[in-house]
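Engineer: generate a structure from the sequence data that follows.
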Amino acid sequence: MPAVSKGDGMRGLAVFISDIRNCKSKEAEIKRINKELANIRSKFKGDKALDGYSKKKYVCKLLFIFLLGHDIDFGHMEAVNLLSSNKYTEKQIGYLFISVLVNSNSELIRLINNAIKNDLASRNPTFMCLALHCIANVGSREMGEAFAADIPRILVAGDSMDSVKQSAALCLLRLYKASPDLVPMGEWTARVVHLLNDQHMGVVTAAVSLITCLCKKNPDDFKTCISLAVSRLSRIVSSASTDLQDYTYYFVPAPWLSVKLLRLLQCYPPPEDAAVKGRLVECLETVLNKAQEPPKSKKVQHSNAKNAILFETISLIIHYDSEPNLLVRACNQLGQFLQHRETNLRYLALESMCTLASSEFSHEAVKTHIDTVINALKTERDVSVRQRAADLLYAMCDRSNAKQIVSEMLRYLETADYAIREEIVLKVAILAEKYAVDYSWYVDTILNLIRIAGDYVSEEVWYRVLQIVTNRDDVQGYAAKTVFEALQAPACHENMVKVGGYILGEFGNLIAGDPRSSPPVQFSLLHSKFHLCSVATRALLLSTYIKFINLFPETKATIQAVLRAGSQLRNADVELQQRAVEYLTLSSVASTDVLATVLEEMPPFPERESSILAKLKRKKGPGAGSALDDGRRDPSSNDINGGVEPTPSTVSTPSPSADLLGLRAAPPPAAPPASAGAGNLLVDVFDGPAAQPSLGPTPEEAFLSELEPPAPESPMALLADPAPAADPGPEDIGPPIPEADELLNKFVCKNNGVLFENQLLQIGVKSEFRQNLGRMYLFYGNKTSVQFQNFSPTVVHPGDLQTQLAVQTKRVAAQVDGGAQVQQVLNIECLRDFLTPPLLSVRFRYGGAPQALTLKLPVTINKFFQPTEMAAQDFFQRWKQLSLPQQEAQKIFKANHPMDAEVTKAKLLGFGSALLDNVDPNPENFVGAGIIQTKALQVGCLLRLEPNAQAQMYRLTLRTSKEPVSRHLCELLAQQF
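Structural biologist: Numbers count the residues shown, from 1 in each chain. Modelled structure (predicted):
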């Protein structure tokens, strides 16, 4: 690079920077900058032409001002003019200004492209590098279209300088990552591979990065790189630290290039050529041998570089999975890191050994470190390392060590971090089922799991144990005895009550001969838990009670008295009330034979794949499949214990009243069958047809967790990848259905639930909002056995809503099979405050007849609330500032629902505002604050809700900075009480 002469010091720039640094306040800095901007503007507009040095100096000042955070709206043309200069320093400043300040939509882009073309054609290596750097820095599609064909030619040209080749490779990589379709594959692809033999190590390093990226999409075009990469890697590994002095980092030769070559080789299977494969194996062995040598330096940089190559080598050995000797050596090397004082090395060692444990060649070697891993699980301070230790124990588990590993994980579960408890529960449940030789041990393990971490035992786990107990006669008596003893504990988790209620309802007769577990004792024990349980569990227990009447006739009078009690027959929950009435009538009217037929023992379930493993894979993420699915290393297991999951014995077409989306409360497992062939409630609870697991009704929370969308990295990620669909005009659709407003009001204070349901269609909603952005998932379920044709849901913006709310939709399939559901994603942006929600128009053909309905989409202005905490003094000060009559909206209304303080609090929080404590002198009142976020502006909002329990009235007062918003929010919130 050319040297900078003393005349290029730009003293004026140095003085300006010094002045800025010496400013005592922000105001002084802005004043100095405005003065300088005025001076620069006058110089650019003056009659006297500026020389290159002056232009460079002023452009530099503008660049510095921009980097301080101030807007620059002139000087771009002067920077473009600098590109035509023959002086390096002037051209450099021009390119720097353009790279930082000029966007791809600029009107100057054509002039810039012409200047870049001239520099690329100049054959001056310095100017060519500057042009290539600018292309890579801007990286826009326009530049890609202009230069994507020229850069490969420069890269493979024989007369290109090494620095130019290096810049061209990195520039092409940048363009390929930004717009892969713009980089043409041609004859240059074969020539670029030979850059791996280049004498200049910088060119080789850049070329490896480019080839690694290209070969992932076009592996066959770059297959010849394998032998060249092995050859180059061999030369680096076998070289001494003095052979590559310019590229030796703390006595480690070319560590970055070595790591890149090893990663490139992981894009392909093991080499087919025996000579190449032998040379590669020799390289890998050399790296493993060097890891055993004493360090040549005590500096941390030396060990970091050395270990980076070692871990990448082990990754390549694991990727090939074909060299038993190397796999075992890699395992032993990682074993040494398990007790290393550096936390990062322990973490990486555990992570790599998880993958090694799935190889049949190295599984036994991994098992030798079980004591060290168990100790890490107990003693590690870092939770991420403990999590990797739990992953490794799970991966190394087989029939020989299952009981030891499961017992250690259960022991750790008592003190485990809350963030990983659910994952460990799933792993323990899978291992206990997969490797259980004695099913009594399996039952003990799952009940222990519920006792230790009941809150983290998902429905899949306790469903599974019920299914296995139902399918195995040899364990039913033991399960009934064990769960009866577990229920006698003073503090008993609700999941234990569910399991106990089901098992005793089905198999309680197997332990009824013991006076200590006689039928009255069993009933008394279960009923003592009844008042502590949720509605779903109470419903299950009621089903258990009716089962008891069939199993133990002597308990009939006692149970009928419970069912006849006013708390059951007049229960506020319709599910409990219906069960109590129907079970009481059934026990009173039906004969003994009919009762025995209706309430007979549940039949065994057909086998299918377990859902617990699928849940664990979802929790671990998309990259966890190989670490979790370890069937390759244990062929003897043949899924003997629960590799498959029972499914309902009756699979039928969903009826019009089926709950396709699983958003309603689920009937509990112990509900009795109606009659042979009529299906039963337990069938629905255990997932429904195997091909459509989502059709069986499950609790709303389970449904939402199954369909959890990926957390956006930032608010703008909510609007990523839109696929806008053309909206029909409001005149093209019918009016909203009569109950549209009522359905909309249900979602003002919540984001998830069933929006609409009739005999044909069910529409579920799951949504999330952040600042002025939102994402909504709509789930359309076909409740019939007939396919929907021409299925077309569209979002319509009535009136001026298009300018207030942007909704981008993704298209759905035009056919929806019977019993199936489809998902539609809506990306939402609030541009300004709005009063009317968008409309959802759904059209389809059912049995040849056209169907159409229009709903109000549950997107209201309060969805963009940002809760705001403030002290009492700040609240009252802001309240007084919003004292204009048009800023306040007040409504006094009668309560439409029971006045419960906790329910009111939950609704206000769901509405979006923050609740402020110790602000209102009356503790019965509720005070809230928040900010409505829109793209155009922010609207502050304060609210006060005054309940009068004696008069069953509310007074709601809202104050915002915009009159329409105050009135609209007041109306929305008042309808919730």
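Engineer: list the contacts of the closest residue to Asn197 other than its chain neighbours.
Structural biologist: Computed as Cβ to Cβ, 6 or more residues apart in numbering, the closest residue to Asn197 that is not its neighbour in sequence is Leu228, at 6.1 Å. C-beta coordinates here come from the backbone N, C-alpha and C atoms, glycine included. Applying Cβ atoms under 8 Å, 6 or more residues apart in numbering, we find Leu228 in contact with Val193, His194, Leu196, Asn197.
Engineer: from what I see, the last one and Ser227 are in contact.
Structural biologist: Think Asn197. No: using Cβ atoms under 8 Å, Asn197 is not in contact with Ser227; the gap is 10.5 Å.
Engineer: compare the two (neighbour count), which wins?
Structural biologist: In this view Asn197 and Ser227 are compared by other Cβ atoms under 10 Å, and Ser227 has more residues nearby, 17 against 12.
Engineer: surely that one forms part of a helix?
Structural biologist: Yes: applying DSSP: H, G, I helix; E, B strand; the rest coil, one finds Ser227 inside a helix.
Engineer: mind listing what the nearest residue to it once chain neighbours are set aside touches?
Structural biologist: Nearest residue to Ser227, sequence neighbours excluded (Cβ to Cβ, 6+ apart): Val276, at 5.0 Å. Val276 is in contact with Ile226, Ser227, Val230, counting by Cβ under 8 Å, 6+ apart.
Engineer: who's in contact with the first one?
Structural biologist: Going by Cβ under 8 Å, 6+ apart, Ile226 touches Leu265, Tyr268, Pro271, Val276.
Engineer: got the buried residues for the helix or strand containing Ala376?
Structural biologist: Assigned by DSSP states H and E, Ala376 belongs to helix 370-379. In terms of neighbour count (16 or more other Cβ atoms under 10 Å), helix 370-379 has its buried residues at Ile370, Thr372, Val373, Ile374, Ala376, Leu377.
Engineer: between those residues, which is closest to Asn862?
Structural biologist: Among the buried residues of helix 370-379, Leu377 lies closest to Asn862 (Cβ to Cβ), at 46.1 Å.
Engineer: which non-adjacent residue is nearest that closest one?
Structural biologist: Distances taken as Cβ to Cβ, 6+ apart put Ala389 closest to Leu377, at 4.3 Å, once the chain neighbours are dropped.
Engineer: look at that neighbour and report its pLDDT.
Structural biologist: Confidence at Ala389, expressed as pLDDT, is 91.
Engineer: what distance do you get for it to Leu449?
Structural biologist: 19 Å (Cβ to Cβ, to the nearest Å).
Engineer: same check, this time on Ser54
Structural biologist: Separation of Ser54 from Leu449 (Cβ to Cβ): 77 Å.
Engineer: the more surrounded of the two?
Structural biologist: Remark: of Ser54 and Leu449, Leu449 carries more neighbours, 26 against 16, as counted by other Cβ under 10 Å.
Engineer: could you list the buried residues of the strand or helix carrying the more buried one?
Structural biologist: Using DSSP H and E, Leu449 maps to helix 439-453. Neighbour counts using 16+ other Cβ under 10 Å place 439, 441-453 of helix 439-453 among the buried residues.
Engineer: likewise for stretch 257-268?
Structural biologist: Under the neighbour-count criterion of 16+ other Cβ under 10 Å, stretch 257-268 has Leu257, Ser258, Val259, Lys260, Leu261, Leu262, Arg263, Leu264, Leu265, Cys267, Tyr268 buried.
Engineer: from those, which land in helices?
Structural biologist: Among the buried residues of stretch 257-268, the members found in helices (DSSP state H) are Leu257, Ser258, Val259, Lys260, Leu261, Leu262, Arg263, Leu264, Leu265.
Engineer: contacts for the helix or strand hosting Leu563, please.
Structural biologist: For Leu563, the host element (DSSP H and E) is helix 556-564. For helix 556-564, contacts defined as Cβ under 8 Å, 6+ apart pick out 520, 523, 527, 542, 545-546, 548-549, 568-569, 580, 583-584, 587-588.
Engineer: and that helix, what's its mean pLDDT?
Structural biologist: For helix 556-564, the mean confidence score works out to 90.
Engineer: how far does it sit from the chain's center?
Structural biologist: From the chain centre to the centre of helix 556-564 is a distance of 49 Å (Cα atoms, centre = their mean, to the nearest Å).
Engineer: quick one: find the helix or strand in this structure with the lowest mean pLDDT.
Structural biologist: Lowest by mean pLDDT, DSSP states H and E among the helices and strands of the chain is helix 681-685, with a mean of 27.
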